[in-house]
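Novice: For reference, the sequence and a predicted model appear below.
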Amino acid sequence: MAKSASRLNRFFWVLALVAFGIGFYGLYGRIAFGHTRANYGSYVPWGL
């Protein structure tokens with residue numbers, strides 16, 4: 001049981017670090033490029 005819990009704990013830590021990295025990349029893109037990457041003139045961001 002303890003070995004299984006340790007493996008699961010490690011999996012969630014790795015998952016959290018990957019998610020943090022993706023979020024940090026998105027935050028960097030927002031700070032560095034502003035709204036230019038959003039392409040608000042397209043129909044896609046508006047869900048049409």
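Specialist: Arrived safely. Nothing here was measured: the structure is a model prediction, and the numbers come from that model. Residues are numbered from 1 along each chain as shown.

Novice: And F24, how far from F33?
Specialist: From F24 across to F33, the span is 15 Å (C-beta to C-beta, to the nearest Å). C-beta here means a position set from N, CA and C on the backbone, and glycine is covered the same way.

Novice: all helices for the protein, in order.
Specialist: 2-33 (DSSP state H).

Novice: what ranges of it fall below the confidence cut-off?
Specialist: 1-2, 48 (pLDDT under 70).

Novice: ok, now with 50
Specialist: In the prediction, the chain carries no residues with pLDDT under 50.

Novice: and N39, how many neighbours does it have?
Specialist: By other C-beta atoms under 10 Å, 10 other residues sit near N39.

Novice: Nearest spatial neighbour of it, chain-adjacent residues omitted?
Specialist: Of all residues beyond its chain neighbours, the one nearest N39 is P45 (6.6 Å), with distances taken as C-beta to C-beta, 6 or more residues apart in numbering.

Novice: State the distance from the one you found to F33.
Specialist: For P45, the distance to F33 - C-beta to C-beta - is 15 Å.
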